[in-house]
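Asks: below are the sequence and a predicted model for it; my questions follow.
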Amino acid sequence: MNDPLPFSTIVRTRPPAKLNLFLELLGKRDDGFHDIDTVMVPIDWCDHLSLERTQSDSIELSVRWMPSQEIIACQMGVTPESEQTEWLAIPADDRNLVFRALEGFRNRFDLPTGFRCELLKSIPAGAGMGGASSDAAAALRCAAILNGISPNHSGILELAAGLGSDVPFFLGPNGEKSRAARATGRGEHLSQIASSSQFDIVVVFPAVSLSTARVYSVASIPDATIDSAAMIVALEAGLVNDIAFGGLNRLQEPASKTAPEIDEILKSMWRSNLLGCQLTGSGSACFGFARSTVDAKRVANQLRSQYYPGLRVSHCRQSMVPSQIEMSSNC
Ligand SMILES: C[C@@](CO)(OP(=O)(O)O)[C@H](O)COP(=O)(O)OP(=O)(O)OC[C@H]1O[C@@H](n2ccc(N)nc2=O)[C@H](O)[C@@H]1O
Ligand SMILES: Nc1ncnc2c1ncn2[C@@H]1O[C@H](COP(=O)(O)OP(=O)(O)O)[C@@H](O)[C@H]1O
């Protein structure tokens, strides 16, 4: 443990979203979670997080949407006041996973000082894209650096696993830089996948936010489970056709029953000539692979105009976890 950095130091990072290219349910555990086998890739649809130390013993968190809540609401065809916009109202108190990460960090390392965090949101919430988990992992790593603690300290991984099953993925397997990883257990056991290729992916978020717990609660364990080995081989070989057609998400059926919009969006994506269209995580976001960058942009524009307003659509590419951290000084 080194000396903490000066209070004038600000660290910034861009927590990425993630997509589950493969997700199999292996069984129900005594602790209420499911044992899963999932393969995840980070993508370049990112939030922005900045963090600094304060002399107070509290956590100040500010949250806002980029470019603004009004523009996001308009894109999605909702007014911020309407009841179905729970995905727009991101809490800035201890309901926010970043707030809980920083509070846990202060307690774990017995810090007398506090934090000021600005969180600019772009990743849709309740989308199965791991937005909250990614923000929390980024906050833990930034807090470690500001306080002279290694981001690979075992306490950071313990805190991450306690915050959520997806949070450890965003730290990178064993703190290594990763463009794809397999997660088992409830999602906290990670192994690196050597994935060098670059894919053009179209990601669609319909204006509906799904509860991860609710989707899991109505999911069934299949009699015969499928193994992630073929997906891992396809990723390592960079064969987009094999990746696209080897995809699986066992939560897709229960999520589609919860939000019928998902089936309609997936049909449109298949009709748009995308490959391997499927739900990510517990949804509601869906993704598909394009045959080229030009095709990805064309399809994204076509889907945007077909459903405007009511969808957020983005042409994404694979990214990296953990996210790069930049340091500056405000003095
Ligand atoms: C479904 C996945 C797929 O990557 O991602 P998202 O859709 O949330 O992005 C993850 O398994 C979600 O991870 P995360 O969102 O961190 O879930 P947690 O907060 O740990 O758990 C929320 C609730 O989901 C259920 N849950 C979660 C993980 C798991 N392996 N089995 C479960 O049954 C439990 O009911 C739990 O109380
Ligand atoms: N930093 C955060 N960003 C987004 N949502 C958050 C955050 N912290 C807590 N939440 C809450 O978590 C839920 C969405 O979590 P998120 O990880 O974005 O969805 P998913 O798990 O489906 O990927 C929402 O109910 C939201 O209010």
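Replies: Perfect, thanks for sending it. Ligands and ions are numbered 1, 2, ... in the order given.
Asks: which one is the residue positioned nearest the centre of the chain nearest to, not counting chain neighbours?
Replies: In the chain, the C-alpha nearest the mean C-alpha coordinate belongs to Gly130, at 2.3 Å (CA atoms, centre = their mean). Ranked by CB to CB, 6 or more residues apart in numbering and with sequence neighbours excluded, the top spatial neighbour of Gly130 is Lys18, at 4.4 Å. The way it works is simple: take the backbone N, C-alpha and C, and place the C-beta from them, glycine included.
Asks: so after the helix or strand harbouring Glu118, what's the next helix or strand?
Replies: Here Glu118, judged by DSSP states H and E, is contained in strand 114-121. Once strand 114-121 ends, the next helix or strand along the chain (criterion: DSSP H and E) is helix 131-146.
Asks: about what we covered before: distance between the strand holding Glu118 and the chain's centre?
Replies: Chain-centre distance of strand 114-121: 18 Å, with CA atoms, centre = their mean, to the nearest Å.
Asks: tell me the strands beside it, with direction?
Replies: Strands that pair with strand 114-121, judged by DSSP bridges, come out as strand 48-54 (antiparallel), strand 59-65 (parallel).
Asks: touching the last one from outside, list them.
Replies: With CB atoms under 8 Å, 6 or more residues apart in numbering as the contact definition, strand 59-65 has outside contacts at 54, 71-72, 88, 90-93, 96, 98-99, 102-103, 106, 114-122.
Asks: same thing but 6 Å
Replies: Ile72, Ile90, Ala92, Phe99, Leu102, Gly114, Phe115, Arg116, Cys117, Glu118, Leu119, Lys121 (CB atoms under 6 Å, 6 or more residues apart in numbering).
Asks: now, which of those residues lie close to ligand 2?
Replies: When contact is defined as CB under 6 Å from any ligand atom, these meet ligand 2 at Ile90.
Asks: tell me which two of the contacts of strand 59-65 sit farthest apart.
Replies: Using CB to CB, the pair of the contacts of strand 59-65 lying farthest apart is Ile72 and Gly114, separated by 29.6 Å.
Asks: the strands in the stretch 101-250 of the chain, which residues?
Replies: Using DSSP state E, counting those that start in this stretch, the strands of the stretch 101-250 of the chain run over 114-121, 181-184, 189-192, 201-206, 248-249.
Asks: winner for burial among those?
Replies: Sort the strands of the stretch 101-250 of the chain by mean neighbour count, taking mean count of other CB atoms under 10 Å, and strand 201-206 sits at the top with a mean of 26.
Asks: just checking the distance from it to the centre of its chain.
Replies: Taking CA atoms, centre = their mean, one finds strand 201-206 lying 13 Å from the centre of the chain it belongs to.
Asks: just checking: what are the partner strands of that strand?
Replies: Pairing partners of strand 201-206, with direction, according to DSSP bridges: strand 286-289 (antiparallel), strand 311-316 (antiparallel).
Asks: interface residues of the stretch 51-200 of the chain facing ligand 2?
Replies: With the criterion set to CB under 6 Å from any ligand atom, the stretch 51-200 of the chain comes near ligand 2 through 90-91, 95-98, 125-133, 135.
Asks: among those residues, name the buried ones.
Replies: Among those, those scoring as buried are 90, 96-98, 125-133, 135 (criterion: 16 or more other CB atoms under 10 Å).
Asks: please produce a markdown table containing these, extended by pLDDT.
Replies: Written out in a markdown table, the entries for these read as follows (pLDDT from 0 to 100):
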| residue | pLDDT |
| --- | --- |
| Ile90 | 94 |
| Asn96 | 98 |
| Leu97 | 98 |
| Val98 | 98 |
| Ala125 | 95 |
| Gly126 | 93 |
| Ala127 | 95 |
| Gly128 | 97 |
| Met129 | 98 |
| Gly130 | 98 |
| Gly131 | 98 |
| Ala132 | 98 |
| Ser133 | 98 |
| Asp135 | 98 |
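Asks: got the residues of the stretch 201-331 of the chain near ligand 2?
Replies: Counting by CB under 6 Å from any ligand atom, the residues of the stretch 201-331 of the chain lying close to ligand 2 are Thr212, Gly281, Ser282.
Asks: want to throw those into a markdown table with neighbour count and pLDDT?
Replies: Written out in a markdown table, the entries for those read as follows (neighbours: other CB atoms under 10 Å; pLDDT from 0 to 100):
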| residue | neighbour count | pLDDT |
| --- | --- | --- |
| Thr212 | 20 | 95 |
| Gly281 | 27 | 98 |
| Ser282 | 25 | 97 |
